[in-house]
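Peer 1: Let's see this in three dimensions:
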Amino acid sequence: MNSKSALITGSCGLIGSEVTAHLARQGYRIFGIDNNERAVFFGPEGDTSWSLQRLSATIPGYTHFNTDIRDRASLLKLVAAIKPDVVVHTAAQPSHDRAASIPFDDFETNAVGTLNLLEAVRRACPESPFVHMSTSKVYGDLPNTIWMRERATRWEFDDPAYVQGIPETFSIDQSKHSLFGASKVAADIMVQEYGRYFGMPTCCLRGGCLTGPNHAGVELDGFLSYLIRCNIERREYKVFGYKGKQVRDNIHSEDVAAFILEFCRSPRCGEVYNIGGGRENSCSILEAFSMVEALTGMPQKYTYVDENRIGDHICYYSDLTKMKRHYPGWGITRSLSCIFSEIVESWQARLAHPVLRAAAG
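Peer 2: Alright, predicted model coming up:
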């Protein structure tokens, strides 16, 4: 066991809570920042107070701060007092649909909040690895310009250059991002710049569909978790355009946490990685319906809206080549079928338990 400390923003969210548990098992003392802003963004179903209760009950020495990352003075003071050995920044406004109606909140949370944290770390502990959860949305809708082939249940890339997915060299310029994507681009570039300009060990993880059994999926964020919940509760799921054949790669939150630990053990300055399930863990919405139906025995209720979300990807999966080359000890450990099974079991347990069901909204 070591005596290192880790500061994790968004500690009650999916990735934040998974990283919290993962680093705690490695002996890190955990300081979490989360003001449950997800409940403000998405209402009761986005509430993560149940996650805070879980962390407090299961992680020895977990210390929580109800700090808003937009509060620069408080964040500067907090980081200076802790001087963490590792910083993992997962706090964000995560929905590109929601961002259009709350542009100031979105930008101040995603871009300004990230700058606040970067500067706080530069002043207090610039040698500490800084991991930022970015997003595949920084590429805007440019992946939609890749030549594609339509299959019976999915779209897929039909260009040999992208057979393994989208690489980190793919352009982020001159495309439609959504306001969310733009605010995340600003944060992403700033994290890179603090690495390159100040020599800080920083990296951006441009996530595909990050998921897992602890995800509080809602309609505007957390596609797979929300889809599975809809099936179990017999809710109607809305499919927005592309014939339901739009493809995403899905990665278990534990695999994300494992990579973050690998980076912190051997950090680099100003790096960027596309982190997702890759081609093997990709599925379309139609394929997701079939997979969850096979597990629950219940047909998926859904309606089709013949208009895609603005800036939405037709097909996206991450090329993991660079990640595996830089960190050969890391790899995907949870298959797509395993991810589905875990999320189904989690929602069944939460919705069957009166207290957990109330927390889930």
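
Peer 1: Tell me which stretches of the stretch 51-200 of the chain form strands.
Peer 2: 63-65, 86-89, 130-135, 148-150, 155-157 (DSSP state E, counting those that start in this stretch).

Peer 1: quick one: low-confidence ranges for this structure?
Peer 2: Flagging of the chain using pLDDT under 70 yields the residue ranges 1-2, 220, 354-361.

Peer 1: any chance you could map the helices in it?
Peer 2: Applying DSSP state H to the chain gives helices spanning 14-25, 37-42, 49-58, 72-82, 96-99, 103-107, 113-124, 178-198, 223-233, 253-265, 285-296, 321-326, 336-352, 354-360.

Peer 1: if we can go back for a sec, select, out of the strands of the stretch 51-200 of the chain, the one closest to E119.
Peer 2: Evaluated with CB to CB, those place strand 130-135 nearest to E119, the distance being 11.2 Å. The C-beta positions use only the backbone N, C-alpha and C, and glycine is treated the same way.

Peer 1: Pull out the buried positions in that closest one.
Peer 2: Across strand 130-135, burial judged by 16 or more other CB atoms under 10 Å covers 130-135.

Peer 1: which residue sits closest to L52 in space, ignoring its chain neighbours?
Peer 2: With CB to CB, 6 or more residues apart in numbering as the criterion, L52 has its nearest non-adjacent residue at 4.9 Å, and that residue is C12.

Peer 1: Wait, that neighbour touches N36, no?
Peer 2: Yes - if you go by CB atoms under 8 Å, C12 and N36 touch, sitting 6.8 Å apart.

Peer 1: which of the two has more neighbours?
Peer 2: Remark: of C12 and N36, C12 carries more neighbours, 28 against 16, as counted by other CB atoms under 10 Å.

Peer 1: Please report phi then psi for the more buried one.
Peer 2: When quoted as degrees, to the nearest 10, the phi and psi of C12 stand at phi -100, psi 0.

Peer 1: Excluding sequence neighbours, find me the nearest residue to F107.
Peer 2: S183 (4.6 Å).

Peer 1: Which residues are in contact with that neighbour?
Peer 2: 93, 99, 106-107, 109-111 (CB atoms under 8 Å, 6 or more residues apart in numbering).

Peer 1: Thank you kindly, that will do.
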